[in-house]
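Novice: Okay, structure incoming, though there's no sequence with it:
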């Protein structure tokens, strides 16, 4: 699982989702470039992670995301990953997924 800093460095030098996946040893828990996860970005209940508010991003149904589980706590599951907007521009994001 990449840290926020590693993700930022990765996106500075690597843009394509395939390159991101090839650069991280661990498998992501979600890769919306795969058909089965196509609309995940708009369906998760994501809030900012404590202390990492500047990396929070409100995801939309047009975003494609790849993310990894960072930690699990009493609030939910903290994730870190990359989101590509409809123009294909990537950005690092993190947050906490609340349980349903």
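Specialist: Cool, got the structure. Given the structure is predicted, the values throughout are model-derived calculations rather than measurements.

Novice: ok, residue 56 - how many residues close by?
Specialist: Residue 56 is flanked by 15 other residues according to other C-beta atoms under 10 Å. C-beta here means a position set from N, CA and C on the backbone, and glycine is covered the same way.

Novice: That one contacts residue 96, doesn't it?
Specialist: No. The pair residue 56 / residue 96 is not scored as a contact, 9.2 Å apart, by C-beta atoms under 8 Å.

Novice: Roughly how far does residue 78 sit from residue 85?
Specialist: 22 Å (C-beta to C-beta, to the nearest Å).

Novice: Compare the two (neighbour count), which wins?
Specialist: Between residue 78 and residue 85, counting by other C-beta under 10 Å, residue 78 is the more crowded of the two (18 against 14).

Novice: is it fair to say that one lies in a strand?
Specialist: Yes. Residue 78: assigned to a strand according to DSSP: H, G, I helix; E, B strand; the rest coil.

Novice: quick one: contacts for the residue nearest in space to the middle of the chain?
Specialist: For the chain, the residue nearest the mean C-alpha position is residue 81 (2.8 Å; C-alpha atoms, centre = their mean). Counting by C-beta atoms under 8 Å, 6 or more residues apart in numbering, residue 81 touches 7, 28, 30, 65-68, 92-94.
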